[in-house]
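A.B. asks: I would like the atomic coordinates for the input below:
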Amino acid sequence: MVPVLEVGAAEGQDPYLFSKIAGAFLLDDGRVVVCDGELAEIRVYGRDGTFMHSVGGRGEGPGEFRQIDAIWRVSDGRIGVWDAENRRISTFSPEGELVSAERVKIEMQAGMPTNVEIFLGSFSDDDVILASVSAGAAARSVVADQWTLGRFSLEGDPQGLLGQLRGFRRLVGSPLPFTPIPSVAVLGDTVWAVDSYGPEIGHLDVDGNLHPTITLPTVDLQADEAWSSLKVELQRRDAGLFLQLMDRLPPPDTIPQIGGLLVDSAGQLWVKVYDPSVDALWIGDVLIAGAGGEWRVVGSDGEARGTVQMPDGVTPLSITEDRLVGIARGALDVERLVVHRIQRGGG
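C.D. replies: Residues are numbered from 1 along each chain as shown. Got it, this is the predicted structure:
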């Protein structure tokens, strides 16, 4: 991959400083939309990285957010925004005009828990997937959280339940450091998902069942070495609480094979090979794959299309046919927005 744009700095003008990038994507004309989750603000930059305008800010009124959990591109070019605390879907024009702001009508969807938290993707008709999370019991055996997926229109109207996925695995109430983290990608009207330790990717059928459809080659990941390395990293970070938890938990027998799932605009799945040094729940972002590493590109038919080595320090957020938008972290853990051109042949 070849870098073509970088926005962000350790110091300087506010529009070029990021606190916490929570999402980013390209508009059709090459402009870049970025969400700063810490500031609850959305910014738009030109093709050359020049700041154009911003929208949002903290609040509860239309066009304001308690927090921004996800942004995405609506099919007509609008910017979609999910604010879980306000339980609201908003859309903006690329020029920053508020188009709609609708609260999700959870109470009208039978079987959907009311604690809807997570945006997981959008369909070709612009309906979205939202998930509620029910934590597993504080048992002395490993139990999984339950994620219930629902389909909603941009107006917040429920369109039906999609199914359930297994969430974080817990022991005595604590999420395991090497738990599988559910990943979802939408191709057209098909929901692809990963929720297990294995190398399988499945799709949800009309009854909400996850059918393993694509099986990737396994990777030899040593659980004992990963456990030891995690302890060293937590000691380096002076993460005392996690170190105490490690003393209470047994070392894992296995670790996941898949660390993330994305879909590009060409209809291909991008699957991250799990890297315990960056994908462990205790040291990474909960819903964003760890930086760098190997990504496998496959078609919906399971055919391998190539392998991409992500640049060190780069976490992909969205992918078009020939561009990848992501986060790069450099010295002092400063975040920058980066755009890379994807070379043909998987580079």
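
A.B. asks: Can you check which strand is longest in the protein?
C.D. replies: Secondary structure assigned by DSSP state E gives strand 158-171 as the longest strand of the chain.

A.B. asks: Tell me the helix or strand right after it.
C.D. replies: strand 174-175 (DSSP states H and E).

A.B. asks: Tell me how far that following strand lies from the chain's centre.
C.D. replies: 20 Å (C-alpha atoms, centre = their mean, to the nearest Å).

A.B. asks: List the buried residues for the longest strand of the chain?
C.D. replies: Buried positions in strand 158-171, judged by neighbour count with 16 or more other C-beta atoms under 10 Å: 158, 162-171. Every C-beta, even on glycine, is put in place using the N, C-alpha and C of the backbone.

A.B. asks: which of those residues lies closest to Ile21?
C.D. replies: When these are compared for distance to Ile21 (C-beta to C-beta), Phe168 comes out closest, at 23.3 Å.

A.B. asks: Looks like that closest one contacts Leu287 (just checking).
C.D. replies: No: with contacts counted by C-beta atoms under 8 Å, Phe168 stays clear of Leu287, the gap being 11.3 Å.

A.B. asks: who touches both of the two?
C.D. replies: Taking C-beta atoms under 8 Å, 6 or more residues apart in numbering as the contact rule, Phe168 and Leu287 both touch Ile181.

A.B. asks: residue ranges for the strands of the stretch 151-300 of the chain, please.
C.D. replies: 158-171, 174-175, 183-187, 190-194, 200-204, 210-215, 258-263, 269-273, 294-298 (DSSP state E, counting those that start in this stretch).

A.B. asks: mean pLDDT for the ones you listed: which is lowest?
C.D. replies: When those are compared by mean pLDDT, strand 174-175 comes last with a mean of 88.

A.B. asks: what residue ranges in the stretch 201-347 of the chain are flagged as low confidence?
C.D. replies: For the stretch 201-347 of the chain, the stretches flagged by pLDDT under 70 are 344-347.

A.B. asks: Show me the helices in it, by range?
C.D. replies: Under the criterion DSSP state H, counting those that start in this stretch, the stretch 201-347 of the chain contains helices at 223-236, 240-248, 276-279.

A.B. asks: With the stretch 1-150 of the chain instead?
C.D. replies: According to DSSP H, counting those that start in this stretch, the stretch 1-150 of the chain contains no helices.

A.B. asks: quick one: the strands in it?
C.D. replies: 2-7, 21-26, 32-36, 41-45, 51-56, 70-73, 79-83, 88-92, 98-103, 116-122, 128-134, 143-152.

A.B. asks: Of all those, which one comes closest to Thr315?
C.D. replies: Closest among the strands of the stretch 1-150 of the chain, using C-beta to C-beta: strand 21-26, at 9.0 Å.

A.B. asks: so what does that closest one touch, helix or strand wise?
C.D. replies: When contacts are defined as 3 or more C-beta pairs under 8 Å, 6 or more residues apart in numbering; DSSP states H and E, strand 21-26 packs onto strand 32-36, strand 70-73, strand 314-319, strand 323-329, strand 335-341.

A.B. asks: JSON lines please, covering the strands of the stretch 1-150 of the chain and showing mean neighbour count.
C.D. replies: Output for the strands of the stretch 1-150 of the chain, formatted as JSON lines (neighbours: other C-beta atoms under 10 Å):
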{"stretch": "strand 2-7", "mean neighbour count": "15"}
{"stretch": "strand 21-26", "mean neighbour count": "22"}
{"stretch": "strand 32-36", "mean neighbour count": "23"}
{"stretch": "strand 41-45", "mean neighbour count": "22"}
{"stretch": "strand 51-56", "mean neighbour count": "17"}
{"stretch": "strand 70-73", "mean neighbour count": "22"}
{"stretch": "strand 79-83", "mean neighbour count": "24"}
{"stretch": "strand 88-92", "mean neighbour count": "22"}
{"stretch": "strand 98-103", "mean neighbour count": "16"}
{"stretch": "strand 116-122", "mean neighbour count": "20"}
{"stretch": "strand 128-134", "mean neighbour count": "21"}
{"stretch": "strand 143-152", "mean neighbour count": "21"}
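
A.B. asks: and the ones you listed as a markdown table, adding mean pLDDT and distance to Asp264?
C.D. replies: Output for those, formatted as a markdown table (pLDDT from 0 to 100; distance: least, C-beta to C-beta, whole Å):
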| stretch | mean pLDDT | distance to Asp264 |
| --- | --- | --- |
| strand 2-7 | 95 | 16 |
| strand 21-26 | 96 | 11 |
| strand 32-36 | 97 | 16 |
| strand 41-45 | 97 | 21 |
| strand 51-56 | 96 | 25 |
| strand 70-73 | 96 | 13 |
| strand 79-83 | 97 | 18 |
| strand 88-92 | 97 | 23 |
| strand 98-103 | 96 | 26 |
| strand 116-122 | 95 | 13 |
| strand 128-134 | 95 | 18 |
| strand 143-152 | 95 | 22 |
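
A.B. asks: ok, back up a step: just the helices of the stretch 201-347 of the chain: most buried one?
C.D. replies: Comparing the helices of the stretch 201-347 of the chain by mean neighbour count (mean count of other C-beta atoms under 10 Å), helix 276-279 comes out on top with a mean of 20.
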